[in-house]
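> this one's structure only:
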């Protein structure tokens, strides 16, 4: 990661990302970046929403990611896609199966590619 002055790192996902202020991995990363690179003033944005699946992420992608135009992006989503398949065996509410999950993430990444500082491949 080649961080530069004033870069924004946006982290998006479900409750694992959302975690209460000061208690989750996003807060830990923000603290580490501030300790190691205080002169850069890196902004860390937390866009985690508890209970969300990849479908929900897709619906809020424009507002929560693209509108902010971050230089860096981290996506951590999927536990809610999976657990719903096991919550009520034989009667899943509205599970997201692996093919749909993969398709959604590929679509989001393809639509975002080129908009971040060092686009991924």
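Yep, it's here. Just so we're clear, the structure is a prediction, and the values are computed from it rather than from any experiment. Residues are numbered from 1 along each chain as shown.
> contacts, neighbours, all on C-alpha from now
Will do.
> output the contacting helices and strands for the helix or strand containing residue 33.
When elements are defined using DSSP states H and E, residue 33 is found to belong to helix 25-36. Here helix 25-36 touches helix 15-18, strand 43-48, going by 3 or more Cα pairs under 8 Å, 6 or more residues apart in numbering; DSSP states H and E.
> tell me which of the ones you listed lies nearest to residue 56.
Evaluated with Cα to Cα, these place strand 43-48 nearest to residue 56, the distance being 11.1 Å.
> and the helix or strand just after the closest one, what does it pack onto?
Sequence order places helix 54-64 as the next helix or strand after strand 43-48, per DSSP H and E. Of the remaining helices and strands, those touching helix 54-64 by 3+ Cα pairs under 8 Å, 6+ apart are helix 98-112.
> what's the angle between the helix it packs on and helix 54-64?
10 degrees (axes from the mean of the first three to the mean of the last three Cα atoms, to 10 degrees).
> distance between helix 98-112 and the chain's centre?
Averaging C-alpha coordinates over helix 98-112 and over its chain gives two centres that are 13 Å apart (Cα atoms, centre = their mean, to the nearest Å).
> may I see the buried residues of stretch 31-42?
Neighbour counts over stretch 31-42 (16 or more other Cα atoms under 10 Å) mark 33, 34, 42 as buried.
> list the contacts for the last one?
The reference is to residue 42. For residue 42, the contacting residues are 3, 4, 5, 6, 7, 8, 9, 33, 34, by Cα atoms under 8 Å, 6 or more residues apart in numbering.
> which of these fall within strands?
For these, membership in strands holds for 8, 9, with DSSP state E as the criterion.
> of the contacts of residue 42 - the most surrounded one?
Neighbour counts for the contacts of residue 42 (other Cα atoms under 10 Å) peak at residue 9, which has 21 neighbours.
> let me see the confidence value for it.
On the pLDDT scale, residue 9 is placed at 96.
> so it versus residue 98, what's the distance?
27 Å (Cα to Cα, to the nearest Å).
> please apply the same query to residue 66.
From residue 66 to residue 98 the distance is 25 Å (Cα to Cα).
> cool, thanks, signing off.
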